[in-house]
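[1] Need a 3D model of the sequence below.
(one chain, ligands or ions: 1)
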Amino acid sequence: MPAYEQSGRVFLEHDKGASVEVLLYGATVISWKAGGKSSSAPTERLFVSSKAALDGSKPVRGGIPVVFPCFGPPSHPQHLKLPQHGFARSEVWKFDKVLSDNEEVSVQLNLEPNASITAKYDKPFRLAYIVKLSDSQLTTELHVTNTSETESLEFQALFHNYIRGPSNDVLIFPLQNVQYYDKTVLSEEEKNTPKTETRNGVDVRSYTDAVYEDAPQKYEVKWPKTGLELKVSALKDLVVWNPQKEAGSKIADMEDGGWERYVCVEPGFVRGFATANPGCTWIGQQVLTVIDVSSSL
Ligand SMILES: O=P(O)(O)OC[C@H]1O[C@@H](O)[C@H](O)[C@@H](O)[C@@H]1O
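    Predicted coordinates for the structure are as follows:
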């Protein structure tokens, strides 16, 4: 069977060998194995810390957690009771249906308000998360429906991709001349003062936590021999995060040296707020494609 649910997880299997595993907890994609168009063996493309909790006790340290409705500590008055990065990554989603099982295998998961959500967030909404797998591509799509008939819904959303790769060799393109906010600095004033990226390829060899605003929505994350291309829609910003030892060694569920094995490249709408009008649905999408050995660097 190309897509099925088992023990709190949804499995997608493509007939050319690619596969995906999604935890219902947080709708977190915890594995994506794929080869490139010309290289055959499917290999793991996402990083999950060996110390990550996968039992629903805390958000997963790795894979692709879904961030909604706030990014980082809440700033919107309607979000103030929420934890960092909101609730979507720490609620159990429902497996709704298999949407397609041909050339592309795709499934839909849903999340609606429940008692634990309404205790801290009382806005009416419905979320759908669509995960599509093809030969060398993974697409994730978040649908945010505002079920209110009268009030607009304001939110932030982001795909927190932990991309598996040798972080000291990774370069991210093309962010040159894009304005960004550096979250590694201590002073609030400096955090809120935009800088302009001067590098052609952005590296994460030192502790990096940067929010690129109005970024180009098409990126390459490359290292010798391979990498990923990310194409994005409706997610205007890009976060690049790697804690290196300096901050990574203080993260309880980060495996020792884990920061050497991934880079977080996270497309989102996180500067300001996206809006869904009453009765309307907002859709944010990313398409991750394996860059072939033959076409790399
Ligand atoms: O530890 P968390 O809540 O999963 O967040 C991890 C990181 O997520 C990134 O998206 C943020 O920019 C960082 O500031 C944050 O440290």
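[2] Low-confidence stretches in the stretch 101-250 of the chain?
    Scanning the stretch 101-250 of the chain for pLDDT under 70 picks out nothing.
[3] Which positions in it make contact with the ligand?
    Taking CB under 6 Å from any ligand atom, the part of the stretch 101-250 of the chain that reaches the ligand is made up of 160, 183, 209, 239, 241. (Glycine included, C-beta is placed from N, CA and C.)
[4] My understanding was that Ala234 contacts Gly268; is that so?
    No - applying CB atoms under 8 Å, one finds Ala234 not in contact with Gly268, separated by 10.0 Å.
[5] before we move on, back to that, among the residues of the stretch 101-250 of the chain next to the ligand, who's most crowded?
    Val239 (26 neighbours; other CB atoms under 10 Å).
[6] For my notes, confirm that residue occurs in a strand.
    Yes - using DSSP: H, G, I helix; E, B strand; the rest coil, the assignment for Val239 is a strand.
[7] now the strands: where do they sit in the stretch 151-297 of the chain?
    Under the criterion DSSP state E, counting those that start in this stretch, strands of the stretch 151-297 of the chain are mapped to 153-159, 162-164, 171-173, 179-182, 195-196, 208-212, 218-223, 226-233, 237-242, 262-276, 281-291.
[8] Output the ones you listed as CSV; include the columns distance to Gly17.
    Listed next are the strands of the stretch 151-297 of the chain as CSV, based on distance: least, CB to CB, whole Å:
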stretch, distance to Gly17
strand 153-159, 24
strand 162-164, 17
strand 171-173, 27
strand 179-182, 38
strand 195-196, 43
strand 208-212, 33
strand 218-223, 22
strand 226-233, 16
strand 237-242, 29
strand 262-276, 23
strand 281-291, 12
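[9] Out of these, flag the one nearest Ala53.
    strand 162-164 (14.6 Å; CB to CB).
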